[in-house]
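S.K.: Build me a model from this:
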Amino acid sequence: MSGLANRPVSGNPVGKNRFLEIPWSYPIEHLTTLPPDSLSSSRSDRRSALAFGLICLVLFFANLGGAALFEPDETRNAEKAREILVLNDWVTPHENFVPVLDKPMFFYWLVALSFKLFGVSEWAARLPSALAALGCLWLVFRFADKRWGRWVALWSTLILATSVEFFLLARLVIIEMSLTLFITLALCAFYSAVHTDNGKTRRLQCLMMYLALSAGALDKGLIGLIIPGMVCFFYLLITRKWSALNRLYLLPGTLGCLLLVAPWYLWAEARNPGYLRYYFWDEHFVRYLTDEFNRSKDWYYFSGVLALGFAPWIALLPFTAHHGWRNRDDGNLFLALWVVLPLVFFSASNSQLPHYILPIFPALAVLTGRTIAALFQKGTINGRRWLLYLPWAVTAVAILGLASRAFWPALFSGELQKKIPDGGFILASCGLALILFYVVCIAANAKGFWKDQLGTFNCLFVGMIIFFLWLALLFETGSFRRTANSLAKKVGSAIPRESQIAAYNNYMTGLLFYLALDRPMWVVAERGKATSLGSPYVARFRPAPAPGYGEVFFTYEEFRKAWDSEERPIRLLLDVRMVSRFHDTVGILTKELLRADGFVLATKP
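M.R.: Next up is the predicted model:
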């Protein structure tokens, strides 16, 4: 990274007072005019960027399949992808061999393709999310490097890669990471298309934008269009750049999106009548406007999510907001809209989950990266160097809390012990050693070592990468509390391949995945629940199972008849707390085979 040490940091050449008076419509070319060599990449710069990329590759792929799949979200998504291959049905997503049409098909295609190439495993299931995360990092690097220089790009990429929510969701089988990639690509391409006079470049950026919008709509429906759409609209409104619409090829772009997106939706409707009405009305408008899905939170819910998800860089957020307000240029406006509008949109919703706001993280990382790079550019870093230690302070507090859980568990209540993962003494000791590294770096810095931007970046980079690799190992140890993997291993030997598995009020998708079942698990429960298989769609429509796979859902009376008439051996899974209730309500006598992880595996006496 030596080539970066003497490289000028890009920034606004306008004086401070005049800078604050720049209108939002001020041409971007005047805001990003740089010395000719400041955006050129020397060999050293390219080697530095390549090394940085390789380390990020290690960060996101190190032991990617080490943690078991979490119930219910990861196992549900992975199982839908597995059943694509079992049923050879690439149109309708199935879970437990029943059509489950709560989400579009695109993400499941990605995971199924990964299974096809690399085999069914946790690693292959998480590969699309990890690749999408790397794609986001590359887009952020390119976007920031082109406009504000290499240092802003490096800081922004480091911040995004080492934000807790972004890092964790990159290692989960979850739709939001691929959605974030498509939204990031769409918004970066839009901004580039608006601010280029090169016709060929603009056409390419518009093509990328419309492809990203199409992929987002196939990935998670209208939200893949709404989020980038609202950011672009309000940006054009505030900057009064409506003339840019004439340069964005709206008509051919819209027609292209329809040609890419409509076929699957129409095919899914043809195969599952009523799907379009349910998906676009219930899954979008009813979910957003009502509490029918029981996911409503307080209006400030996402403030807490952001505080935890953007940790440890959340400590710099007040200074980022102050810097952005003092430097109200065109780029900061666009990034601020990218952050604020989705945050407000999801806060107003009656359905809220922590991962909904992941698409704002790339913009938030660039805003923070610009803030840090500006400290070095303006020569104010020495007086404010303590700001850069704040993220380390946040990680140190987290390490001390988790180490206390390992060394002094009596300090935590029983409920708190269940929520905080115990990494054991070795991981706790490694975390404490990392804090010692922080102290050594700060002490050396105070003595005059590593005070330039290169030295500071390297220290923070090494410290953060080690912390998140440590966090990944902790994440792995905590996964076994919310997974069916352990249960599947313990009961698998008692379940003959030809047997029929049934579950009483305790359906776990992970058992289907880890037992690699080639037939549905019987689900024994009373009708009338809001969800079935975790899906409102299944509870409402009771879709027929895939052809040739028989019944899946049984009332108590139907199960009694099936219990007596089924010729194959039946293995019934019961929560230990529900054994007596099962005998009383269903009226069937069973023979216990084994107990494992709070469950009883029973069969006919």
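S.K.: which residue packs closest to residue 139, ignoring adjacent ones?
M.R.: residue 184 (5.1 Å; Cβ to Cβ, 6 or more residues apart in numbering). (Each C-beta comes from the backbone N, C-alpha and C, glycine too.)
S.K.: State the number of residues packed around the one you found.
M.R.: 26 (other Cβ atoms under 10 Å).
S.K.: what helices or strands is the host helix or strand of it leaning on?
M.R.: Here residue 184 sits within helix 175-194, counting by DSSP states H and E. When contacts are defined as 3 or more Cβ pairs under 8 Å, 6 or more residues apart in numbering; DSSP states H and E, helix 175-194 packs onto helix 106-118, helix 122-148, helix 199-220, helix 223-239, helix 330-347, helix 361-377.
S.K.: counting contacts, what elements does the second one pack onto?
M.R.: The elements that helix 122-148 packs onto, with contact taken as 3+ Cβ pairs under 8 Å, 6+ apart, are helix 43-61, helix 73-87, helix 106-118, helix 150-161, helix 164-169, helix 175-194, helix 361-377.
S.K.: Please render the ones you listed as CSV that adds distance to residue 568 and mean pLDDT to the earlier fields.
M.R.: Listed next are these as CSV, based on distance: least, Cβ to Cβ, whole Å; pLDDT from 0 to 100:
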stretch, distance to residue 568, mean pLDDT
helix 43-61, 42, 75
helix 73-87, 19, 95
helix 106-118, 27, 96
helix 150-161, 50, 93
helix 164-169, 40, 95
helix 175-194, 36, 96
helix 361-377, 49, 93
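S.K.: so which of those helices comes closest to residue 270?
M.R.: Nearest to residue 270, of all these, is helix 73-87, at 17.2 Å by Cβ to Cβ.
S.K.: Please compute how far the closest one lies from its chain's middle.
M.R.: From the chain centre to the centre of helix 73-87 is a distance of 18 Å (Cα atoms, centre = their mean, to the nearest Å).
S.K.: got it, and stretch 345-365?
M.R.: Counting by Cα atoms, centre = their mean, stretch 345-365 comes out at 11 Å from the chain centroid.
S.K.: Now that stretch - C-alpha only, CSV.
M.R.: Extracted in CSV, the C-alpha atoms of stretch 345-365 (Å, rounded to 0.1, in the frame of the first residue of the first chain):
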residue,chain,number,x,y,z
PHE,A,345,-40.2,4.1,4.5
PHE,A,346,-39.7,1.0,6.6
SER,A,347,-40.2,2.8,9.9
ALA,A,348,-43.7,3.7,8.7
SER,A,349,-44.5,0.1,7.8
ASN,A,350,-46.5,-2.2,10.0
SER,A,351,-44.2,-5.1,9.1
GLN,A,352,-40.6,-4.6,10.4
LEU,A,353,-37.7,-7.0,10.5
PRO,A,354,-34.0,-6.1,11.2
HIS,A,355,-32.7,-7.0,7.8
TYR,A,356,-35.1,-4.7,5.9
ILE,A,357,-32.7,-1.7,6.2
LEU,A,358,-29.7,-3.5,4.9
PRO,A,359,-29.8,-1.6,1.5
ILE,A,360,-28.9,1.6,3.2
PHE,A,361,-25.6,0.3,4.4
PRO,A,362,-23.5,0.9,1.2
ALA,A,363,-24.5,4.6,1.2
LEU,A,364,-23.9,5.0,4.9
ALA,A,365,-20.4,3.4,4.5
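S.K.: Report the angle between the helix holding residue 184 and helix 199-220.
M.R.: For helix 175-194 against helix 199-220, the angle between stretch directions is 160 degrees (axes from the mean of the first three to the mean of the last three Cα atoms, to 10 degrees).
S.K.: how close does residue 333 sit to residue 363?
M.R.: 11 Å (Cβ to Cβ, to the nearest Å).
S.K.: Which one of those two is surrounded by more residues?
M.R.: Neighbour count, other Cβ under 10 Å: between residue 333 and residue 363, residue 363 has more, with 27 against 16.
S.K.: Now that one: closest residue in space, sequence neighbours ignored.
M.R.: Nearest to residue 363 is residue 338, by Cβ to Cβ, 6+ apart, at 3.6 Å.
S.K.: I figured the one you found hits residue 186, correct?
M.R.: No - under the criterion of Cβ atoms under 8 Å, residue 338 is not in contact with residue 186, lying 10.8 Å apart.
S.K.: Would you mind measuring from residue 568 to residue 603?
M.R.: Distance from residue 568 to residue 603, by Cβ to Cβ: 11 Å.
S.K.: Could I get the contacting residues of residue 271?
M.R.: For residue 271, the contact set (Cβ atoms under 8 Å, 6 or more residues apart in numbering) comprises 91-92.
S.K.: Same question for residue 245.
M.R.: residue 236.
S.K.: show me where pLDDT drops low in this structure?
M.R.: 1-48, 292-296, 379-383, 405-425, 478-482, 528, 530 (pLDDT under 70).
S.K.: 80 instead, please
M.R.: Judged by pLDDT under 80, the chain has its weakly predicted residues at 1-53, 288, 290-299, 378-386, 401-429, 445-452, 474-482, 526-532.
S.K.: Where do the domain boundaries of it fall?
M.R.: Here the domain assignment for the chain is 2-38+101-378, 393-479, 485-603, based on automatic domain parsing.
S.K.: which of those domains sits most buried?
M.R.: Among those, domain 2-38+101-378 has the highest mean neighbour count (mean count of other Cβ atoms under 10 Å), at a mean of 19.
S.K.: Find out how far the helix or strand where residue 251 lies is from the centre of the chain, if you would.
M.R.: Assessed by DSSP H and E, residue 251 sits inside helix 250-271. Counting by Cα atoms, centre = their mean, helix 250-271 is centred 26 Å from the centre of its parent chain.
S.K.: Repeat that for stretch 588-605.
M.R.: Centroid separation for stretch 588-605 versus its chain: 38 Å, with Cα atoms, centre = their mean.
S.K.: First-to-last residue distance for that stretch?
M.R.: 10 Å (Cα to Cα, to the nearest Å).
S.K.: Can you give the contact residues for it?
M.R.: Residues contacting stretch 588-605 (Cβ under 8 Å, 6+ apart): 486-487, 490-491, 494-495, 506, 559-560, 563, 569-577, 579, 582-583.
S.K.: now with 10 Å?
M.R.: By Cβ atoms under 10 Å, 6 or more residues apart in numbering, the residues outside stretch 588-605 that reach it are 480, 483-484, 486-491, 493-495, 499, 501-504, 506, 508, 511, 524, 556, 559-560, 563-564, 566, 569-579, 582-583.
S.K.: Can you list which of the residues you listed are found in helices?
M.R.: 486-491, 511, 556, 559-560, 563-564, 579, 582-583 (DSSP state H).
S.K.: sorry, back to before: need the helices and strands packed on helix 122-148 in JSON lines with distance to residue 599, can you?
M.R.: Formatted as JSON lines, the helices and strands packed on helix 122-148 follow (distance: least, Cβ to Cβ, whole Å):
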{"stretch": "helix 43-61", "distance to residue 599": "33"}
{"stretch": "helix 73-87", "distance to residue 599": "16"}
{"stretch": "helix 106-118", "distance to residue 599": "27"}
{"stretch": "helix 150-161", "distance to residue 599": "39"}
{"stretch": "helix 164-169", "distance to residue 599": "28"}
{"stretch": "helix 175-194", "distance to residue 599": "29"}
{"stretch": "helix 361-377", "distance to residue 599": "38"}
